[in-house]
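A.B. asks: Take this sequence and fold it.
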Amino acid sequence: MGFIKYSALLLAGAMTLQPVWAEVQASTPEKAETPDRSPRVPTFKINGDLAGRLGVFTTRYEDTFAEVGNQLALGYLELVKANPGVDPWLPGEGTTITLPRQYVIPEARREGIVINLAEYRLYYFAGDSVEVYPVGVGTTENPSPLTDAEVTMPLESPAWYPPASIRAEREASGDPLPRMIPPGPGNPLGSHALMLSEKGYLIHGTNKQFGVGMPVSHGCFRMYNEDISRFVYQVSKGTSVQIVNDPVKLGISGGEVWLEVHRPHEEYSQQERERLWQEVLQEIEAFRQKHPNVEVQRRAIELAVDQADGIPAMVGEQITHVASEKAIKEKPSRESEEQEQKLYF
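C.D. replies: So this is what the prediction gives:
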C-alpha cells in the first residue's frame with residue numbers, strides 16, 4: 001500500500017472547516033520501515049449480533065486507567081464505566097478490573113469501518129469478524145459528523161497547518177500556535193492518518209494519549225499511535241466509513257436478547273438517566289415489532305439503564321415453542337398475570 005508523506009497538510013486534527021490542500025508528495029515506505037503488525041487488538045468472531053468477551057486485568061500500584069487503556073487499546077471512559085467504585089487514578093496494587101471487550105454490534109452495514117460516537121469506539125469488519133478500537137471524538141461544541149463516507153488516502157507522518165479558527169482560539173487562551181507543526185512528537189495528528197471523503201475529517205493518531213476514548217476533539221477521530229500505525233496497513237482506499245450515534249444497542253445472539261447502554265460521561269445525571277430510559281423504551285418497542293417472538297425482562301432492562309456501563313446485558317430471549325391451542329384458550333391465573341406484569345413488557 002502506498003503512503004503519502006505530507007509536507008504541507010492544511011487540516012486541523014479535528015476541525016469542521018473544509019481544508020485547502022497543498023502540493024503532496026507520494027512515497028512508498030521501505031520494507032524495513034513497516035511497523036510491527038502483531039495484533040494489539042483482538043479479532044472477534046461475530047455471533048448473531050454479539051461479539052467479543054469480557055476480560056480481566058490485575059493492576060500494579062502505579063497503574064492508572066489512562067495507562068492501562070493505552071497499554072491494552074481501551075478507552076479511559078469505557079474502563080471507568082465498566083469498573084464502578086474503582087479509583088481510576090489509583091486503583092491500587094492487585095485490583096482486578098473488568099476489560100469491556102464484549103459488544104452488541106451497532107445498527108449499520110457490517111462492512112469496512114463503523115464509528116459509534118456514543119460509545120467512543122471504531123469497529124472494523126472483515127467477513128464474519130470484527131476488531132474494535134477506542135477513538136476520541138468531537139465535543140458538543142465541535143461535534144463529529146454523522147455521515148456515510150469512505151477512506152480516500154492513507155497518510156504517513158502528516159504535518160499540521162492549524163486553521164485560522166483554531167489559531168484564534170489558542171491565541172485567545174494565551175497559547176498561540178505556529179502556522180505549521182511538522183511531523184514529530186508535538187504533532188496533534190500523530191504518526192499516521194486516514195483521510196476521509198467527508199471534507200476536513202481524518203482518523204488519525206495523537207500526541208495526547210489521554211484523549212482517546214473521550215469527547216475531546218474538534219470533530220476528527222483520534223486513535224492511539226500504536227493502533228493507527230498498524231491500522232493504516234489494513235485499510236484500503238475506498239473502505240466505507242459509517243459514523244453513527246447509538247447509545248442504546250439491542251441484538252440477538254444464540255436466542256438471547258442483549259442490551260448495551262452508554263452514558264456519555266463519567267458522571268451520570270438524573271436528566272441523562274431519564275433521557276436514556278426514554279430512548280431504551282423506544283428502541284425496545286421497535287425491536288419487538290421487528291422480532292415479535294421475543295420476550296424481554298423489565299427488571300433486567302431497568303438495571304442496564306441504571307448502570308449504563310457499556311457492557312452488554314442479557315435482558316430477554318426468543319420464544320421458539322408454539323403454545324398449544326388449549327393453552328391459548330385457557331385463562332391465565334392471577335398469579336401468572338402478576339408475574340408477567342412484574343417481569344415483562
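
A.B. asks: any chance you could map the strands in the stretch 51-200 of the chain?
C.D. replies: Ranges of strands within the stretch 51-200 of the chain are 55-58, 96-99, 102-104, 112-116, 121-126, 129-134, 137-138, 148-156, 192-196, based on DSSP state E, counting those that start in this stretch.

A.B. asks: So for stretch 222-234, what gets flagged as buried?
C.D. replies: 222-232 (16 or more other CB atoms under 10 Å). (Glycine included, C-beta is placed from N, CA and C.)

A.B. asks: got the end-to-end distance for stretch 42-55?
C.D. replies: End-to-end distance for stretch 42-55: 11 Å, by CA to CA, to the nearest Å.

A.B. asks: Repeat that for stretch 54-72.
C.D. replies: End-to-end distance (CA to CA), stretch 54-72: 13 Å.

A.B. asks: cool, stretch 206-221 as well?
C.D. replies: For stretch 206-221, the separation between the terminal residues is 9 Å (CA to CA).

A.B. asks: cool, and stretch 290-302?
C.D. replies: 21 Å.

A.B. asks: Next, the buried residues of it.
C.D. replies: For stretch 290-302, the neighbour count (16+ other CB under 10 Å) marks 294, 296-297, 300-301 as buried.

A.B. asks: With secondary structure as extra columns, can I get those in JSON lines?
C.D. replies: Shown next, in JSON lines, are the buried residues of stretch 290-302 (DSSP: H, G, I helix; E, B strand; the rest coil):
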{"residue": "Val294", "secondary structure": "strand"}
{"residue": "Val296", "secondary structure": "strand"}
{"residue": "Gln297", "secondary structure": "strand"}
{"residue": "Ala300", "secondary structure": "helix"}
{"residue": "Ile301", "secondary structure": "helix"}
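
A.B. asks: Which of the buried residues of stretch 222-234 fall within strands?
C.D. replies: Using DSSP state E, the members of these that fall within strands are Arg222.

A.B. asks: Now the two most distant members of the buried residues of stretch 222-234.
C.D. replies: Arg222 and Arg230 (15.4 Å; CB to CB).

A.B. asks: So for this protein, the centremost residue is which one?
C.D. replies: Arg121 (1.1 Å; CA atoms, centre = their mean).

A.B. asks: gap between that one and Val114?
C.D. replies: Look at Arg121 and Val114: by CB to CB, to the nearest Å, they are 9 Å apart.

A.B. asks: And the helices in the chain?
C.D. replies: 65-72, 76-82, 164-172, 225-234, 270-290, 298-307, 325-329, 334-343 (DSSP state H).

A.B. asks: picking that back up, kindly indicate which of the buried residues of stretch 290-302 lies nearest Gly184.
C.D. replies: For the buried residues of stretch 290-302, the minimum distance to Gly184 (CB to CB) is 49.3 Å, reached by Ile301.

A.B. asks: Which residue, other than its chain neighbours, is closest to the closest one?
C.D. replies: Val315 (5.1 Å; CB to CB, 6 or more residues apart in numbering).

A.B. asks: That neighbour against Val261, yeah?
C.D. replies: No - Val315 sits out of contact with Val261 when judged by CB atoms under 8 Å, with a separation of 10.1 Å.

A.B. asks: Name the residue in the two with the higher neighbour count.
C.D. replies: When neighbours are counted by other CB atoms under 10 Å, Val315 and Val261 differ, and Val261 comes out ahead with 29 against 24.

A.B. asks: what about the spatially closest residue to the more buried one that is not a sequence neighbour, distance to Ala118?
C.D. replies: With CB to CB, 6+ apart as the criterion, Val261 has its nearest non-adjacent residue at 4.6 Å, and that residue is Ala308. Note on Ala308: its distance to Ala118, by CB to CB, is 11 Å.

A.B. asks: joint contacts of the two?
C.D. replies: Shared contacts of Ala308 and Ala118 (CB atoms under 8 Å, 6 or more residues apart in numbering): His262.

A.B. asks: quick one: Pro143 from Pro215, how far?
C.D. replies: For Pro143 relative to Pro215 (CB to CB), the value is 9 Å.

A.B. asks: What's the local residue count around Gly48?
C.D. replies: Using other CB under 10 Å, Gly48 is surrounded by 14 other residues.

A.B. asks: Ok, Thr152 next?
C.D. replies: Neighbourhood size, Thr152 [other CB under 10 Å]: 15.

A.B. asks: The one 5 residues further on now?
C.D. replies: By the criterion of other CB under 10 Å, Ser157 has 21 neighbours.

A.B. asks: how far away is it from Ala149?
C.D. replies: From Ser157 over to Ala149 the distance is 23 Å, taken as CB to CB.

A.B. asks: Gln318 now?
C.D. replies: 35 Å.

A.B. asks: Same check on Pro158?
C.D. replies: Pro158 is 18 Å from Ala149, by CB to CB.
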